[in-house]
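For reference, the sequence and a predicted model appear below.
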Amino acid sequence: MSDQIVTGEHIDLIDSEHLQRVVKEPLDPGEALTRRFFLAAGGAAGLLYTAALAYPIYRYLASPEEMALNGPAITEVTLKDAQKLVAGSVVMFKFGTAPAMLIHHQDGRWIALTAVCTHLGCTVQYEPQADRIHCACHGGVYNAYTGANVSGPPPKPLKLFKVAVSETGVVVSRS
Amino acid sequence: MTTETIAAPKTAAAKIYDWVDERLGLSELAAFARHKTVPVHSQSFWYYWGGISLFLFLVQCFTGVLLLVYYRPGVEAFESVRQITFVMHFGWLIRSAHAWSANLMIFAILVHMFSVYFMKAYRKPRELGWLSGMALLGIASVFGFSGYLLPMDELSYFATKVGLEIPAAIPSIGPAIANMLRGGPEVSEFTVQRFFALHVVVLPALFLPLLGFHLWLVQRHGNAVPPSEEAKPTTERKNMPFMPNFLRKDLAMWLISLNVLALLASVFPWALGKQFDLNSTTPVPAPAGIHPEWYFMSPFEMLKLLGNVLPGESGEIAGILLFSLGIALWVLIPFYDIKKESGQRARAAHYFGLLAVFALLATTVIGYWTIR
């Protein structure tokens, strides 16, 4: 019998001799509470309850991630006194939370780009003697003027920023 | 001619069960659970409270680990708790649940202890259950005391400062003990860090095996019945199977406890007081109306009352001695009240229990009444 009709009380007190189960007259069929329905309803209630507990715990543990995503998106960074940077050298800085670099090239150009390798996320470096950007992790090479990925595993170029040089510093902003 | 009986092919679940059972003996456990019964009588309600204490302890472990994700002991203690309470999503709820559950757990443990006492469930062969239970209560109190300091707000600071005066009052070795606990002559960031180590590592390491022992003893000896029930012949006593009947009710009680906790934690969220500035050069006075949590209010008030009768150091020592004597008598009751039949000792133990309940309740209430 797949659906057992449980409408009455059952005594779960078991004396030393025998089990007693008292089933009263069932209600009319339309109102009968089937065991299957009861279990399904109970299961659904349990699931809702568990979800109600799990939701705050998830949000709690995900707080730093959410804060980083919703935090003020940095659109520009001012590097004080960076205009003094000698030609043919680089300064590493943070754009928001991500590493970035500002290169003052020999020909006078100022190039700023992200320093996160597009291969697996290592922080890249500028090599002045080779005038190139190199990733030490797996040997990726980028063009130090355009950010283009020229050799090695990186699949995408580095992103360029807008650079504005003034007498007091250099303003790097999203392009 | 031979006939072979071909058994129905086993399901994957059954095969996995068999594999584990051959190695771990699960079927023995299942058989034990199937045969385990729980006595049914007018006082059966009290059987739930040990389980409720266990459940609330599990809640503490869970919420404690969650708090551990963002808590920073030491100089940043208050700031990290402030972040948990006001910055992290639902951090206030996790912290509130942890604080409320601590109080509810101590309450459940006390109900459990008193019901065991008055049912005389400490008698042979359950003496070790009583002793381990008292040790667990002691550790739970230290859990409460150490945890209370961790937010490093003004209330935490002064509660710890005052609380540590008690061991400090022990003659000759007292100050050394207190200094070791405090990590110096004053409550400082060293105190927070060592209380943190206590609360998160040392006390759990002590509590868990002892709890395991305590629970194993309950399985081994079964539930005790009160003397009135014991007087009945075995044929007249009622039992219910543990599986699924009592287990179902036990879990229902856990669910009710969880609901009560959820309501209290969300409707009455735990507050965070002002930061106690450890670097302040001007001494900070104790805030008005300072008092310990309710479970420490009784010894606090007893010491105060004794201090009125015997002022000064002698009063403190008398208070500690009296309290220690009371605890010692309480702990040793299984070795005093030994006879199965109701006799002089049984009655004396009963009255001692009533006296203890009355004294604890009265001093707790007086303590709250006299808060300035």
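Looks like it arrived, so ask away.

okay, CA-based contacts and neighbour counts for the rest of this
OK.

any low-confidence regions in the stretch 251-372 of chain B?
Within the stretch 251-372 of chain B, the ranges that satisfy pLDDT under 70 run B:372.

could you pull out the helices for it?
For the stretch 251-372 of chain B, applying DSSP state H, counting those that start in this stretch gives helices covering B:294-309, B:313-331, B:344-369.

And the longest one, what does it pack against?
Contacts of helix B:344-369 with other secondary structure elements, assessed using 3 or more Cα pairs under 8 Å, 6 or more residues apart in numbering or on different chains; DSSP states H and E, are made with helix B:91-118, helix B:294-309.

and the angle for it with helix B:294-309?
Per axes from the mean of the first three to the mean of the last three Cα atoms, to 10 degrees, the angle that helix B:344-369 makes with helix B:294-309 is 90 degrees.

How far does helix B:344-369 sit from its chain's centre?
19 Å (Cα atoms, centre = their mean, to the nearest Å).

for chain A, what are the nearby residues on the stretch 151-300 of chain B?
Within reach of chain A by Cα under 8 Å from any Cα of the partner chain, the stretch 151-300 of chain B has these residues: B:235, B:237, B:238, B:239, B:240, B:241, B:245.

how about 6 Å then?
Contact residues (Cα under 6 Å from any Cα of the partner chain) of the stretch 151-300 of chain B with chain A: B:238, B:240.

need the strands for the stretch 151-300 of chain B, in chain order.
Secondary structure of the stretch 151-300 of chain B (DSSP state E, counting those that start in this stretch): strands at B:238-241.

Residue A:103 and residue A:170: what is the separation?
Separation of residue A:103 from residue A:170 (Cα to Cα, to the nearest Å): 11 Å.

Same check on residue B:63?
48 Å.

Residue B:281 too?
Residue B:281 is 43 Å from residue A:170, by Cα to Cα.

quick one, which of the two is more surrounded?
Set residue B:281 next to residue A:170 and count neighbours by other Cα atoms under 10 Å in any protein chain shown: residue A:170 wins out with 21 against 7.

show me the contacts for that one.
Residue A:170 makes contacts with A:78, A:79, A:82, A:83, A:164, as judged by Cα atoms under 6 Å, 6 or more residues apart in numbering or on different chains.

of these, closest to chain B?
residue A:78 (28.3 Å; Cα to the nearest Cα).

in its sheet, what does the helix or strand hosting that closest one sit against?
Assigned by DSSP states H and E, residue A:78 belongs to strand A:76-80. According to DSSP bridges, strand A:76-80 forms sheet pairs with strand A:169-173 (antiparallel).

Please save the CA atoms from the partner strand in CSV.
Presented in CSV, the C-alpha positions along strand A:169-173 are these (Å, rounded to 0.1, in the frame of the first residue of the first chain):
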residue,chain,number,x,y,z
GLY,A,169,52.3,64.6,-10.6
VAL,A,170,50.8,62.2,-13.1
VAL,A,171,47.1,61.4,-13.3
VAL,A,172,46.3,57.9,-14.6
SER,A,173,42.7,57.2,-15.5
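
In chain A, what helix or strand scores lowest on average pLDDT?
Ranking every helix and strand in chain A by mean pLDDT, DSSP states H and E puts helix A:63-70 at the bottom, with a mean of 83.

Buried residues in that one, which are they?
residue A:63 (16 or more other Cα atoms under 10 Å in any protein chain shown).

wait, residue A:83 sits on residue A:164?
No - here residue A:83 lies out of contact with residue A:164, judged by Cα atoms under 6 Å, at a distance of 9.7 Å.

And these two? Which one has more around it.
It is residue A:83, of residue A:83 and residue A:164, that has more neighbours when counted by other Cα under 10 Å, with 17 against 13.
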